[in-house]
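A.B. asks: Pasting the sequence and the predicted coordinates here, then a few questions.
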Amino acid sequence: MKTLIQGHRGPDVAQWQQFLIVEGLLTTGADGIFGEKTATATRAFQEKERLTPDARVGKLTLARAQARGLKVYRPLKDGELNAGLIAEAKRILNAHWQDPFGSEFPFEFAGASYLGRIEQHYHPPGGPRRPWGYHPGVTLLVRVGEPAQEEIFDEDAQEGDGDVAPSPTPPEGPSGAKRFTLSARSRERLRGVRPELVKLIERAIEITDIDFLVVEGLRSIERQRELVRLGASQTLNSRHLTGHAVDIAPIFANTVSWHWPHFEQLARFVKLAASEVNVNAEWGGDWTSFRDGPHWQLPWKEFPRG
């Protein structure tokens, strides 16, 4: 991953944003644009790690992020490709060519960790590579070593990207369906949240077929004011302030996803869990204005403030 600064764009920026989201420092989506909100979240991470808060994602900042779970990859060169890797890229393309550009799919091959990323490729008409023109393709990336083992953060390093730490392979239940568990980070973020919502989230993780992360629960008024200032929230009367709301995000291909179909898939299981534990919860994705896919809250009528 090259050094990132405000104004940069691309999948490496999106992966940095995904890391900030997992850290609870960025509440907007990973759009691949290093704007003011990403800069603010980057400074917050640097301050937490006692680094110079310059919003510049360079060697030291990336090293600290990697120590906290950020995985760093670089694109493969043509000379590093072999028949096995090409076959895996074709498999990913056949299965996922309709997925949004930027979707990533991790895999292991010959003892190394790789990512296949769906991107728009271009082959000049008349050239040796087919198909000609623009088309969905797979870009292969390989994971590089830990910072203590290999220097990979120089500004001239080849551009790559990072990935949040993958969830362990979930065990299967008696019906063969996957079973996930809440991570320690998710449980920590449920502290101070109303027990009704905690009960709902705990049941949802038991029955869902798509893993998810608790992004945020109880929120301070200072943080709420900052979110309103940044445009990530529209009110100072948020249910998060009293523990009556929780934000969760789906994990797809070992990465926090901000793709609406994944939120809709997850919402079906949360609503099913709500009926099972008899908790009436509202989903922000059902709102007609300012749709909020991660947001779940207890209704004001049934659960007034306090």
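C.D. replies: In hand now; what should we look at? Numbers count the residues shown, from 1 in each chain.
A.B. asks: Near Arg56, how many other residues are there?
C.D. replies: Neighbour count of Arg56, defined by other CB atoms under 10 Å: 18. Every residue, glycine included, has its C-beta placed from N, CA and C.
A.B. asks: Could I get the full set of strands for this structure?
C.D. replies: For the chain, the strands defined by DSSP state E occupy 71-75, 104-109, 112-123, 133-143, 161-163, 212-216, 245-252, 255-256, 282-283, 295-297.
A.B. asks: Mean neighbour count added to those, as TSV?
C.D. replies: Output for the strands of the chain, formatted as TSV (neighbours: other CB atoms under 10 Å):
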stretch	mean neighbour count
strand 71-75	20
strand 104-109	17
strand 112-123	17
strand 133-143	16
strand 161-163	24
strand 212-216	22
strand 245-252	23
strand 255-256	23
strand 282-283	18
strand 295-297	22
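A.B. asks: Of all the ones you listed, which one comes closest to Pro195?
C.D. replies: Among the strands of the chain, strand 245-252 comes nearest to Pro195, with 11.9 Å by CB to CB.
A.B. asks: got the angle between that closest one and strand 212-216?
C.D. replies: 140 degrees (axes from the mean of the first three to the mean of the last three CA atoms, to 10 degrees).
A.B. asks: which helices and strands does strand 245-252 pack with?
C.D. replies: helix 195-207, strand 212-216, helix 260-277, strand 295-297 (3 or more CB pairs under 8 Å, 6 or more residues apart in numbering; DSSP states H and E).
A.B. asks: can you give me the offset of that strand from its chain's centre?
C.D. replies: Taking CA atoms, centre = their mean, to the nearest Å, one finds the center of strand 245-252 at 10 Å from the center of the full chain.
A.B. asks: Run me through the strand neighbours of that strand, direction for each.
C.D. replies: Sheet pairing for strand 245-252, assigned by DSSP bridges, gives strand 212-216 (antiparallel), strand 255-256 (antiparallel), strand 295-297 (antiparallel).
A.B. asks: what's the average pLDDT for it?
C.D. replies: What strand 245-252 shows for mean pLDDT is 88.
A.B. asks: repeat for stretch 213-233
C.D. replies: Here the average pLDDT along stretch 213-233 is 78.
A.B. asks: any residues touching it, and which ones?
C.D. replies: Applying CB atoms under 8 Å, 6 or more residues apart in numbering, the contact partners of stretch 213-233 are 21-22, 24, 27-28, 36-37, 40, 182-183, 185-187, 189-193, 197, 201, 234-236, 238, 240-243, 245-249, 251, 256, 294.
A.B. asks: let's see 7 Å
C.D. replies: Residues outside stretch 213-233 that contact it (CB atoms under 7 Å, 6 or more residues apart in numbering): 21-22, 24, 27-28, 37, 40, 183, 186, 189-193, 201, 234, 236, 238, 240-241, 243, 246-249, 251, 256, 294.
A.B. asks: Repeat that for stretch 102-118.
C.D. replies: If you take CB under 7 Å, 6+ apart as the criterion, stretch 102-118 is touched by 11, 14, 73, 84-85, 88-89, 92, 96-97, 99, 101, 136, 138-143, 163, 166, 253-255.
A.B. asks: Next, the buried residues of stretch 179-190.
C.D. replies: 180, 182-183, 186, 189-190 (16 or more other CB atoms under 10 Å).
A.B. asks: In helices, which of those fall?
C.D. replies: Of the positions in the buried residues of stretch 179-190, 186, 189 sit in helices, assigned by DSSP state H.
A.B. asks: And the nearest residue to Trp132 once chain neighbours are set aside, how close does it get to Asp78?
C.D. replies: Among residues not flanking Trp132 along the chain, Pro125 sits closest, at 4.3 Å (CB to CB, 6 or more residues apart in numbering). Taking CB to CB, to the nearest Å as the measure, Pro125 falls 21 Å from Asp78.
A.B. asks: That's all I had, so thanks and see you.
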